[in-house]
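Asks: Below are the sequence and a predicted model for it; my questions follow.
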Amino acid sequence: MAIIEINNAGFSYGERRIFKNIGFKVEPGEIYCVFGPNGCGKSTLLECVLGLLKLDEGEILIGGKNSQSMKPSELARYAAYVPQMHEKTFPYKVIDFVLMGRAAYTKMIGSPGKADIRIAENALDALGIGNFRDRPYTQLSGGELQLVMIARALAQETPVIVLDEPTSHLDFKNDIAILETIAHLAKERNLAILMATHFPNQGFFFEYKNLPVEILLMGYENNLLAGKPSDVFTEENMRVVFGMDSRVIACETEEQKILRQIVSIRSESSCR
Ligand SMILES: Nc1ncnc2c1ncn2[C@@H]1O[C@H](COP(=O)(O)OP(=O)(O)OP(=O)(O)O)[C@@H](O)[C@H]1O
């Protein structure tokens, strides 16, 4: 059964329509990527899923319940959020920052107990960053901080993790490290992943890893297109949505599997 179900969702900022008629389902263990040009409404859609913004029309069900009318503390038990930007504030220790993911469970008694601390430590260990435990989180690099943010989401123990452009600001290696982490969470923990991304090759990476992955392409002739990465990330669709010239290439890896990638050739397509 789908853990996320969106039916006929529409949203406007005031008079300005951002999207309409969005509908899809995400199953446990599936990765659902929302892709499209700057400003097409990816973050807005994620914020609607998280109940931070209210739809004009349609509904968003998480675990069968309407996320738009759930209390934040209830929703926090279904969906954890890794936002695009995080303003570092007070120099909390990493463990204390990750423990914030336990807030929905600790509110009643006020402070985290031993079990919460163990869950937060396990989340750090699961991401291979147990050694960050006592570092001030304000001193982490962008890639390290992103792993800590994912650990905080993991400590929240939700069936859904929502990530907004999880690899923005990351270097070549950390980019793939975060994708591998996301793949692991979907495959080994059966989590449903909903993420916004600017990078088609991330969809191809998940496809290459044989994970159930689906793409929602927003802004396709002011419309929507959904499907598997190989069906959505085509040269023609990139021309229609971005007006750019690109090529899909394929390479055979040492596992004798085909990895697809899309490369940009020109921003202003001569095909226009
Ligand atoms: N609070 C707001 N009030 C009014 N308009 C907004 C608000 N937040 C975002 N917008 C506008 O809504 C549109 C969609 O914004 P959103 O951030 O969802 O796009 P996005 O696809 O995530 O963009 P990007 O790829 O650049 O991160 C943009 O045109 C943006 O300027």
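Replies: Cool, got the structure. Predicted, not measured: the structure shown is a model, and the values here were computed from it.
Asks: doesn't Thr44 make contact with Val34?
Replies: No - applying CB atoms under 8 Å, one finds Val34 not in contact with Thr44, separated by 10.1 Å. Heads up, the C-betas are built off the backbone N, CA and C, glycines and all.
Asks: ok, these two, which is more surrounded?
Replies: Between Val34 and Thr44, counting by other CB atoms under 10 Å, Val34 is the more crowded of the two (26 against 19).
Asks: Run the contact check for the strand or helix carrying the more buried one versus the ligand.
Replies: Assigned by DSSP states H and E, Val34 belongs to strand 31-35. No - figure legend: strand 31-35 not in contact with the ligand (CB under 6 Å from any ligand atom); closest approach 8.1 Å.
Asks: counting contacts, what elements does whichever helix or strand comes after that strand pack onto?
Replies: Following strand 31-35 in sequence order, the next helix or strand is helix 42-49 (DSSP H and E). Under the contact criterion of 3 or more CB pairs under 8 Å, 6 or more residues apart in numbering; DSSP states H and E, helix 42-49 touches strand 4-13, strand 16-26, strand 31-35, strand 57-62, strand 160-164, strand 192-197.
Asks: The ones you listed: which one's closest to Thr234?
Replies: strand 31-35 (12.6 Å; CB to CB).
Asks: So which residues make contact with that closest one?
Replies: Contact with strand 31-35 is made by 4, 24, 26, 42, 45-46, 182-183, 186, 192-198, 200, 202-203, 206, 211-218, 229, 232, as judged by CB atoms under 8 Å, 6 or more residues apart in numbering.
Asks: Please name the strands paired to it in the sheet, noting orientation.
Replies: If you go by DSSP bridges, strand 31-35 pairs up with strand 192-197 (parallel), strand 213-220 (parallel).
Asks: residues touching Leu61, list them.
Replies: Leu61 makes contacts with Ile4, Glu5, Ile6, Asn7, Ser67, as judged by CB under 8 Å, 6+ apart.
Asks: For it, name its beta-bridge partners.
Replies: According to DSSP bridges, the partner residues bridging Leu61 are Glu5, Asn66.
Asks: angle of the longest helix belonging to the chain against strand 213-220?
Replies: In the chain, assigned by DSSP state H, the helix with the most residues is helix 172-189. Comparing the axes of helix 172-189 and strand 213-220 via axes from the mean of the first three to the mean of the last three CA atoms, to 10 degrees yields an angle of 120 degrees.
Asks: How about the residues of the stretch 1-150 of the chain by the ligand?
Replies: So far as CB under 6 Å from any ligand atom goes, the stretch 1-150 of the chain lies against the ligand at Tyr13, Ile18, Gly36, Asn38, Gly39, Cys40, Gly41, Lys42, Ser43, Thr44.
Asks: Which one (most neighbours) among the residues you listed?
Replies: Lys42 (26 neighbours).
Asks: and the gap between the residue nearest to that one when sequence neighbours are not counted and Phe132?
Replies: Leaving aside its sequence neighbours, Lys42 sits nearest to Ala196 (CB to CB, 6 or more residues apart in numbering; 3.9 Å). Distance, Ala196 to Phe132, by CB to CB, to the nearest Å: 26 Å.
Asks: Equivalent analysis for Phe24, please.
Replies: 35 Å.
Asks: So between those two, which is more surrounded?
Replies: Counted by other CB under 10 Å, Phe24 and Phe132 do not tie: Phe132 has more neighbours, with 22 against 17.
Asks: now, the most widely separated pair of the residues of the stretch 1-150 of the chain next to the ligand?
Replies: Of all pairs in these, the most separated under CB to CB is Tyr13 and Gly36 at 16.6 Å.
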